[in-house]
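> With the input below, show me the fold.
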Amino acid sequence: FEGGMTGGDSIRIGSPSNIPIGNSPWSLSMWVQMNEYQDTTVAYGFLFDRGNSSLYPSGRRPDREMHRLSVGWQVPGYPPTDRDELWNCFWGVPYDYYTGVTIDLNTWYHITNTYDGSTARIYVNGIERWSRIIGPSLDIRSSDIWLGCGLGGSHATSCTIDEVAMFDRPLTPEEIRQQYENGLDGLDYLTSKVVVDIKPGSNPNSINLKSKGMVPVAVLTTVDFDAGTVDESSVEFAGASPQHWAMEDVDNDGDEDKVFHFKMQEMRDPDLGLDESSTEATLSGVTYDGIPIEGTDTVNIVPKNKKK
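Alright, predicted model coming up:
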C-alpha cells in the first residue's frame, strides 16, 4: 500500500488470534520504500505498531507492552537531529532503541525484526544490523495491528510497504538472507515441503506418456502436515489440474491422505509437463490458509524410445 503523513493509506488489521503476544518469540518481515520525510516537529513515523499505548494511573508509560517498528528523520532542533534511521520501540526504559541504520528515500529495503524470547534483532537487506537484549520482561498485549502508522492512525508514514509477514518464531539468518535474495517475491522460500507419492503402491512409479488414463498422486499426512488442509482448487502436477480427489489412507499409517487424479494427456505440456527424459515430477498448491506447498517424487517414463 501507499502510506502518507497527511491522509495517505494505512492498514488496520485487527487482532488475529494467532499473533504472538506476551514474551513469545516472533518475526516480522516486510519490504519498505520511504517516499518522503516530513519537515515538522513530528520527527518519526511508524511502519508497524501493536500493543497497549494507554498510560498507567501513575502517568508512566506501560512497561514493554508494545512492539513498534519505526523510522525517524532529521528535523532541526528536534531529537533525533542526526538520524534518518530505523528503530525499535517496546516502551520501558529506555523507550527507543536506535539501530543506526539509515533509510534513504525512494529505495526498497527488506526489513526483518525478530525476537527469540530474550534478544530483539533487526536485519536490513539480509544482514543483521542491530541486536539488543529486551526480555524476558517483554509483555506485548493483544491489540489491533497497524501498518504505515501508529495505533489509532497516529504518526502516519509516507512509504510503500509490500509482503508483510509475521511468524511465531525467530527466522534464521539463512531464511532471512534467502527471503531478501528472492526479491519482492521473497516469501516463496516459505513454501512448505510435503511428502507426495506418485501412483501409491507402485515402485517404480512408471508412467506411459502415450496413455489416455489417469495418474494418482497422493499428498501424505505426516506428523508435521495435515494433507486435508490442501486446497484442491490450487493443486497442479506436471502442468495439469486434478480431475477429482479423495481422502484415503494410502500408506496404511492410520492417517488419511489426500489423493488427486490427473489426466495423462494434460501432463505433456512442453514447458511444464513430463517428457521422455523426466526422472521426477512435482506437485504444488496452497493450503486453505494460503501457505504454499510443494512435493516431489520420482517417475519412470515408459516405454523408452529405442536408439537407432
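> only C-alpha atoms for contact and neighbour calcs from this point on.
Noted.
> what's around R177, how many residues?
Neighbour count for R177, taken as other C-alpha atoms under 10 Å: 20.
> how about it, phi and psi?
phi -60, psi -40 (degrees, to the nearest 10).
> For M34, see how far away it is.
Applying C-alpha to C-alpha, to the nearest Å, the value for R177 to M34 is 21 Å.
> likewise P216?
From P216 to M34 the distance is 49 Å (C-alpha to C-alpha).
> Which one's more surrounded, the two?
Per other C-alpha under 10 Å, whichever of P216 and M34 has more neighbours is M34, with 22 against 17.
> What is the neighbour count of the residue nearest to that one when sequence neighbours are not counted?
The shortest distance from M34 to any non-neighbouring residue, by C-alpha to C-alpha, 6 or more residues apart in numbering, is to C159 (4.3 Å). Neighbourhood size, C159 [other C-alpha under 10 Å]: 27.
> Provide the backbone phi and psi angles at C159.
With angles defined as degrees, to the nearest 10, C159 sits at phi -150, psi 170.
> these two touch, right, it and C149?
No. Contact criterion C-alpha atoms under 8 Å: C159 and C149 do not qualify, at 9.9 Å.
> For T114, see how far away the residue nearest to M34 is.
21 Å.
> after the helix or strand where L69 lies comes which helix or strand?
Using DSSP states H and E, L69 falls within strand 66-72. Downstream of strand 66-72, the next assigned helix or strand under DSSP H and E is strand 85-89.
> Show me what the helix or strand following that next one packs onto, helices and strands only.
For strand 85-89, the following helix or strand on the C-terminal side (DSSP H and E) is strand 96-102. Strand 96-102 is packed against strand 85-89, strand 127-133, with contacts defined by 3 or more C-alpha pairs under 8 Å, 6 or more residues apart in numbering; DSSP states H and E.
> Just give me how far the shortest one sits from the chain centre.
Just to be clear, that refers to strand 85-89. Chain-centre distance of strand 85-89: 21 Å, with C-alpha atoms, centre = their mean, to the nearest Å.
> average model confidence for it?
On average, the pLDDT along strand 85-89 is 74.
> okay, it in CSV with CA atoms only?
Output in CSV follows, covering the C-alpha atoms of strand 85-89 (Å, rounded to 0.1, in the frame of the first residue of the first chain):
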residue,chain,number,x,y,z
GLU,A,85,17.1,5.8,10.6
LEU,A,86,15.2,2.7,11.6
TRP,A,87,14.4,2.0,15.3
ASN,A,88,12.5,-0.3,17.6
CYS,A,89,10.3,0.7,20.5
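> low-scoring stretches of the stretch 1-150 of the chain, by residue?
1-9, 37-43, 52-66, 71-85, 90-95, 137 (pLDDT under 70).
> Now do the helices in the protein.
173-181 (DSSP state H).
> any idea which residue sits dead centre in it?
What sits nearest the mean C-alpha location of the chain, by C-alpha atoms, centre = their mean, is A165, with 4.2 Å.
> In the sheet, which residues pair with the nearest residue to that one once chain neighbours are set aside? Tell me.
Spatial nearest neighbour of A165, excluding adjacent residues (C-alpha to C-alpha, 6+ apart): S29 at 5.3 Å. Applying DSSP bridges to S29 gives these bridge partners: T112, A165.
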